[in-house]
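Trainee: build the 3D model from these lines:
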Amino acid sequence: MNPRIAAAALALCLAGAAQAQLPVIELGAGMHRIRAELADTFATRVQGLMRRQSLAPNAGMLFVFDEAAIHCMWMKNTLIPLSVAFIDEAGAIVNIADMQPHDERSHCAAQPVRYALEMERGWFARRGIKPGAKLRGIAPRPAN
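Mentor: Prediction:
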C-alpha cells in the first residue's frame, strides 16, 4: 500500500475515533465519584455502551433524555454486565436494575425520569446506593 494512502487512512480513523469520544462529567453519589460519559443526543443514547469490552473503575454513562418519561434500557450488543439507575429531574434515584449482556428485555424506570446512569453491574449495591439517594452534578435541564 502506498505510504501516503496508508497515512491518510490512519488519519481518517483517528479523526473518527476522536469524534466518537463523548464529553465526560463528574457526578457524586455519597462519597463516591463517578466519571460519566454524556449521552445526550438520540444517536449517542442509541449507541450507549454497545460493543465496549470494559469500563474503567467508577466510570459509566449518563443518558440524558429530552423529557421526563418512563424510559427503558436494553442490552442488545452490549458485552459487559451493567446496572442502571433511573434518575428523576431532581437527581434522585428512582430505581436500579441489573442487566445481563446481550439481553434484549427492557428494564424500565418505575416512574417518569429524565436520566439513566449505567455503571458496572453491582456498582450501586456494593456502595450501598439505593433508590432515594441523590446524585451530585446533575444539572436541571429545561424541558424541550
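Trainee: what's the burial count for the spatially closest residue to residue 122 that is not a sequence neighbour?
Mentor: Spatial nearest neighbour of residue 122, chain neighbours left out: residue 83 (6.3 Å); criterion: Cβ to Cβ, 6 or more residues apart in numbering. To be clear about C-beta, it is placed using only N, CA and C from the backbone, and glycine gets the same treatment. When neighbours are counted by other Cβ atoms under 10 Å, residue 83 registers 21.
Trainee: quick one: contacts for residue 83?
Mentor: For residue 83, the contact set (Cβ atoms under 8 Å, 6 or more residues apart in numbering) comprises 96-99, 118-125.
Trainee: and if we set it to 7 Å?
Mentor: Residues near residue 83 by Cβ atoms under 7 Å, 6 or more residues apart in numbering: 96-98, 119, 121-124.
Trainee: now do stretch 35-42, average pLDDT.
Mentor: Confidence for stretch 35-42, expressed as mean pLDDT, is 96.
Trainee: other residues contacting it?
Mentor: Under Cβ under 7 Å, 6+ apart, the answer for stretch 35-42 is 22-27, 45, 48, 58-64, 117.
Trainee: what about residue 71, distance to residue 30?
Mentor: 24 Å (Cβ to Cβ, to the nearest Å).
Trainee: who's more crowded, the two?
Mentor: Under the neighbour definition other Cβ under 10 Å, residue 71 and residue 30 were set side by side, and residue 71 has more, 20 against 12.
Trainee: so what does the more buried one look like in phi/psi?
Mentor: The phi/psi pair for residue 71 (degrees, to the nearest 10) reads phi -90, psi 150.
Trainee: wait, it touches residue 114, no?
Mentor: No - using Cβ atoms under 7 Å, residue 71 makes no contact with residue 114, being 8.4 Å away.
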